[in-house]
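Enquirer: Build me a model from this:
(chains A and B)
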Amino acid sequence: MTGTSPLPVYLDHAATTPVDAAVTAAMVECLESPLVFANPSSIHVAGRQSAAAIEHARGQVARLLNAEPHEIVFTSGATESNNLAILGAARQRASRGRHLVTMTTEHKAVTECFEALEREGFEVTWLNPETSGLLDPDRLEAVLRDDTQLLSVMHVNNETGIVQDIASIGSICRARGILYHCDAAQSVGKLEIDLKVLPVDLMSLTAHKFHGPQGIGALFVADRPGSHPAPLIYGGPQERRIRPGTQAVHQIIGFGVAAELAAARREADTEKFRELRERLWQGIGDLPDLWRNGADEHTFPGILNVSAGGVDGESLMLGLEPLCVASGAACNSQSGESSYVLRAMGRSDALAQSAIRFSLGRGTGNGEIDQAIERYRWAVQHLRALAPARATTANRA
Amino acid sequence: MADPYSQTVRAYFVNPVHAGSIRKSYSRVVSATADDRQGNTIELTAGIDDDTLQELRFRAIACPHLIAAAEHFCERFEGRTTASLLEFDPWDTVRELQVPLGKTGRILLLEDAIQWLRRKSGGPEQQRADE
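Expert: Below you'll find the model as predicted:
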C-alpha cells in the first residue's frame, strides 16, 4: 500500500513457528526409513526400532525440561494436554473435593475445560489478574480451600507474553497438597524450565511453538503420588495408559529434534528477541495514545502487545498488511468479542479491539522489525487521520 | 479463508479522498454522526448550496467495509441534491463493495448517518416533515 514488498512479513510466532530444516530432515528420514516405520508397540525388530526412536525423542524432550523421560506423555498438542491434565486430574481427584481454581486470562484450551467441569458439577473460582497481568499470590491463597484439588495457571500468556511466577504459585499449591497444572505452550523451548526445581505437577507443551511440527505435544506428569490424571480415551497401554493410541513416530522424532535445538539456542534466541523487541518499541513507542500491554520486566521478550487509542482493530490489521500479526479485535475471535485477556487486565473494549501482538521468531531480523515499524506507523497515522476529531481513548472507553 | 475485502474495498480503504473536513465555504454546512456499541463511529459532513450537496466528507473509526462504504457514498452523492439522499439503498453498497453477509450491519450504520444528514440538510420544511 505504500510501495513496500507484498511478501508476507511473519511476526506471528506465538501462533506457530516455521519448522526448522533439521526437524524436517529428521522427519523425512523417519518417513522414508525401512526401519522406523513400524508400530512401536509391536515386539518384532522393526517395532523395537520405532520404539527406540520414540524413547530417544522422549529423552530429548525431557532434557529440555530437566524432567525424567518417563514423566513425558506424548499427545497431539497443548490443547489435548490441557484437556487431559485438567479434565483428567479433576475427575481423578473428585472424591477428595470438587473445588478448582484458574484465571480468566488463560487460553481457551484451559478455560473451556473448566467451563465443562462446571457443567459436571465442579465449583470453579476464576481469578482476575492485576492490571499488570500478573496473579497476586495473596489473592490466590485467599481463595484456596480444604476441598481445592487443582489449580491451573499458565506460564507465559499467549496474547501479552506476561510471565507468571510459577515457582511461587506452585509452592503455594504444594504446601496445601493441591495439584498444579501449568500451560507452558508459549514458554517451553524459549524460557529455561527446570522441573526438578519448579513445583509443577502437570505441564502442557507443544512442538510447533518452537520450530517443531504441528500435531504433536506432550504433557509432563510429575513422578509424584496423586499427580496422574485419569485418561480421556481408552484403548491400549501406550503412553503409560494415560494417552493410549499408536504413537506418531515421525512427529515425535521431529518434536525431539526441535527440543534439542531449542535447548541449544534458547539463550541466544532470547537475547536476540530482547534486542529486536526493543528496536520495535523504540520505533513505534513515540506515537501518541499508544498503550503497551504488559510491563517490560514481566513479559517474554519475544512478544510485544500494543494498543492504539482511536483506531479500529480490524482496519489496523488491514493497514498492516503484509505483516502477519495477531489482533485483539472482535473480528479475529469466534466469540465476536475483543480480547478477554486485555479486558481482564482492565483495558477498555476499544483498546482491547485495537491490540496488536507482534511475536518474534528465530528467523526474525532487523529487516522484518523495520518493516513492522514502517507499516505500524503508517497504519495508525492513516486511521487516525480518518477519525473524528473528538475521538480519544478516554471517550471511547 | 477467502479474502474478506474486495479490490474496491481495498482501494477505498487505502485512498479515501473524501475523508476529512469540508474545504470550502458554503451557505450551509451540516454534520450527522452515528455510532454503535462495537465502537464504530461514522460522521458525515455536507457543504450545501442551493439544495445541492456541493461537497461531502466523512470521518470514521470503523472497519474497512464501513470506511469504504462511506467513501463510496460520498463519491456517488457529491453534486446531487439533498433530496437524492432518499435514494440511498444500503444493499446497493453491500453488492457493489461485496460486503460479507456478517458485516452488513455496519453498512446500516452508514444508513443511519445518512438519514440524519438528510433530516438536517433538507431545510426547515424537510425537518418539520420528519418531525
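Enquirer: Flag every residue of chain B that's near chain A.
Expert: For chain B, the residues in contact with chain A (C-beta under 8 Å from any C-beta of the partner chain) are B:5, B:10, B:13-14, B:16, B:19-20, B:33, B:38-41, B:43, B:59-64, B:67. Placement of C-beta: from N, CA and C, glycine included.
Enquirer: Now the helix ranked longest in chain B: buried residues?
Expert: Ranked by number of residues, the top helix in chain B under DSSP state H is helix B:104-121. By neighbour count on 16 or more other C-beta atoms under 10 Å in any protein chain shown, the buried set for helix B:104-121 is B:106-107, B:109-121.
Enquirer: which secondary structure elements does that helix contact?
Expert: Secondary-structure packing of helix B:104-121 (3 or more C-beta pairs under 8 Å, 6 or more residues apart in numbering or on different chains; DSSP states H and E): strand B:28-35, strand B:41-49, helix B:64-77, helix B:90-97, helix B:123-130.
Enquirer: give me the number of residues near residue A:363?
Expert: Residue A:363 has 12 neighbouring residues, counting by other C-beta atoms under 10 Å in any protein chain shown.
Enquirer: Next one, pLDDT for it please.
Expert: For residue A:363, the model assigns a pLDDT of 93.
Enquirer: for the one 5 residues further on, same thing?
Expert: In the prediction, the pLDDT value recorded for residue A:368 is 97.
Enquirer: From residue A:18, how far off is it?
Expert: Separation of residue A:368 from residue A:18 (C-beta to C-beta, to the nearest Å): 13 Å.
Enquirer: Between these two, which contacts overlap?
Expert: Common contact partners of residue A:368 and residue A:18 (C-beta atoms under 8 Å, 6 or more residues apart in numbering or on different chains): residue A:10.
Enquirer: For residue A:340, which non-adjacent residue is closest in space?
Expert: residue A:104 (6.9 Å; C-beta to C-beta, 6 or more residues apart in numbering or on different chains).
Enquirer: neighbours around residue 42, how many?
Expert: No chain was given, so I picked chain A. Residues near residue A:42, counting by other C-beta under 10 Å, number 14.
Enquirer: please go with chain B instead
Expert: Neighbours of residue B:42 under the rule other C-beta under 10 Å: 26.
Enquirer: you'd agree it is up against residue B:33?
Expert: Yes. Using C-beta atoms under 8 Å, residue B:42 is in contact with residue B:33, at 7.0 Å.
Enquirer: Overlap of the contact sets of these two?
Expert: Contact criterion C-beta under 8 Å, 6+ apart; residues bridging residue B:42 and residue B:33 by contacting each: residue B:113.
Enquirer: still on that earlier bit, tilt between the longest helix of chain B and strand B:41-49?
Expert: Angle of helix B:104-121 versus strand B:41-49, following axes from the mean of the first three to the mean of the last three C-alpha atoms, to 10 degrees, is 30 degrees.
Enquirer: Specify which member of the buried residues of helix B:104-121 is nearest to chain A.
Expert: Of all those, chain A sits closest to residue B:106, with 9.9 Å by C-beta to the nearest C-beta.
Enquirer: how many neighbours does the closest residue to that closest one other than its chain neighbours have?
Expert: Once flanking residues are discounted, residue B:106 sits nearest to residue B:66: 4.5 Å by C-beta to C-beta, 6+ apart. Residue B:66 has 30 neighbouring residues, counting by other C-beta under 10 Å.
Enquirer: Please apply the same query to residue A:300.
Expert: Look at residue A:300: counted by other C-beta under 10 Å, it has 26 neighbours.
Enquirer: same deal with residue A:231?
Expert: For residue A:231, the neighbour count with other C-beta under 10 Å is 19.
Enquirer: Point to the residue nearest the middle of chain B.
Expert: Chain B has residue B:70 as the residue nearest its centroid, 4.1 Å off, counting by C-alpha atoms, centre = their mean.
Enquirer: what's it in contact with, if anything?
Expert: B:16, B:18-19, B:42, B:44, B:58, B:60, B:62, B:110.
Enquirer: what's the first-to-last distance across stretch A:17-37?
Expert: End-to-end span of stretch A:17-37 (C-alpha to C-alpha, to the nearest Å): 26 Å.
Enquirer: and it, average pLDDT?
Expert: Stretch A:17-37 comes out at a mean pLDDT of 93.
Enquirer: And that stretch, what's buried?
Expert: Residues of stretch A:17-37 classed as buried: A:17, A:19-20, A:23, A:26-27, A:30, A:33, A:36 (neighbour count, 16+ other C-beta under 10 Å).
Enquirer: Equivalent analysis for stretch A:244-253, please.
Expert: Across stretch A:244-253, burial judged by 16+ other C-beta under 10 Å covers A:244, A:247-253.
Enquirer: got it, and stretch B:5-25?
Expert: Neighbour counts over stretch B:5-25 (16+ other C-beta under 10 Å) mark B:5-6, B:9-10, B:12-13, B:16, B:18-19, B:22 as buried.
Enquirer: what does stretch A:374-390 give?
Expert: Judged by neighbour count using 16+ other C-beta under 10 Å, the buried positions of stretch A:374-390 are A:375-376, A:379-380, A:382-384, A:386-388.
Enquirer: Then stretch A:231-239?
Expert: Those buried within stretch A:231-239 under the rule 16+ other C-beta under 10 Å are A:231, A:238-239.
Enquirer: if we can go back for a sec, looking at the buried residues of helix B:104-121, spot the one nearest residue B:85.
Expert: The nearest member of those to residue B:85, counting by C-beta to C-beta, is residue B:118 at 4.0 Å.
Enquirer: Let me see the contact set for the residue nearest to the closest one when sequence neighbours are not counted.
Expert: Using C-beta to C-beta, 6+ apart and skipping residues adjacent in sequence, the residue nearest residue B:118 is residue B:85, 4.0 Å away. Listed by C-beta under 8 Å, 6+ apart, the contact set of residue B:85 reads B:53, B:77, B:114, B:117-118, B:121.
Enquirer: Alright, I will stop here.
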